[in-house]
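Asker: Sequence first, predicted coordinates after that:
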Amino acid sequence: MGERLLKALMLCSGLWSAVAVAGDAFLTLSGTGCCQGAGRVQLTRAEFEALPQHELKTETPWTEGTHVYRGVLLRDLIARFSLPGETLKAVAVNDYWAAVPVSDALKYPVLLASRQDGQPLTLRSKGPLWIVYPLSAHPELDKELYHSRMVWQLTRLESH
């Protein structure tokens, strides 16, 4: 009887953890003057996926073949949350970061992808978010400079 109770409690705690993770911060945006003056906003996955979604079909140096990525255009995020400045600091889970010029987002459909081929991106598959440049549609972007800006496991954008 005690073993059954223990298994039931473990199952319930596992389900509760999954629910808690689903509601946790998915993307943090920050910067002086951003976010309607709040300076910071944290979006859950549900809030992020409720924003207008777009798809981008491209190859990358880290994947085989062409894939369809789905997420929010960086330029839409910049406009929606009033991210000021000329550069965004894109920060990954492991604190790797890259400076992403806002001009890139205005000139090209740079995507903050949360899905690849319909599947949610996970830490193992470069998620929760991955900045994806349209390399196939714009061969001029298929250079190390732009590759270095394609931050995966993205969790924060800071305007500077």
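Answerer: Alright, I've got the coordinates.

Asker: how about the most centrally placed residue in the chain, what does it touch?
Answerer: Nearest residue to the geometric centre of the chain (C-alpha atoms, centre = their mean): Leu129, 2.5 Å. Neighbour list for Leu129: 26-27, 48, 71, 112-114, 121, 152-155 [criterion: C-beta atoms under 8 Å, 6 or more residues apart in numbering]. (Glycine included, C-beta is placed from N, CA and C.)

Asker: Name the nearest of the residues you listed relative to Leu135.
Answerer: Ala113 (12.8 Å; C-beta to C-beta).

Asker: which intervals of the protein have sub-threshold pLDDT?
Answerer: 1-23 (pLDDT under 70).

Asker: follow-up on the earlier one: test of understanding: give the bridge partners of the nearest residue to the residue nearest to the centre of the chain once chain neighbours are set aside.
Answerer: For Leu129, ignoring the flanking residues on the chain, the nearest one in space by C-beta to C-beta, 6 or more residues apart in numbering is Leu154 at 4.1 Å. For Leu154, the beta-bridge partners are Ala92, Leu129 (DSSP bridges).

Asker: looking at it, Leu154 is touching Ala113, isn't it?
Answerer: No: Leu154 lies out of contact with Ala113 (C-beta atoms under 8 Å); the separation is 9.2 Å.

Asker: Find residues that contact each of those two.
Answerer: 129-131.

Asker: Break down the protein into its helices, ranges please.
Answerer: 2-23, 45-50, 74-80, 102-107, 144-147 (DSSP state H).

Asker: what comes up buried for the shortest one?
Answerer: In terms of neighbour count (16 or more other C-beta atoms under 10 Å), helix 144-147 has its buried residues at Tyr146.

Asker: Would you confirm that Met150 contacts Pro134?
Answerer: No: contact criterion C-beta under 8 Å: Met150 and Pro134 do not qualify, at 10.8 Å.

Asker: So between these two, which is more surrounded?
Answerer: Neighbours were counted for Met150 and for Pro134 using other C-beta atoms under 10 Å; Met150 has more, 22 against 18.
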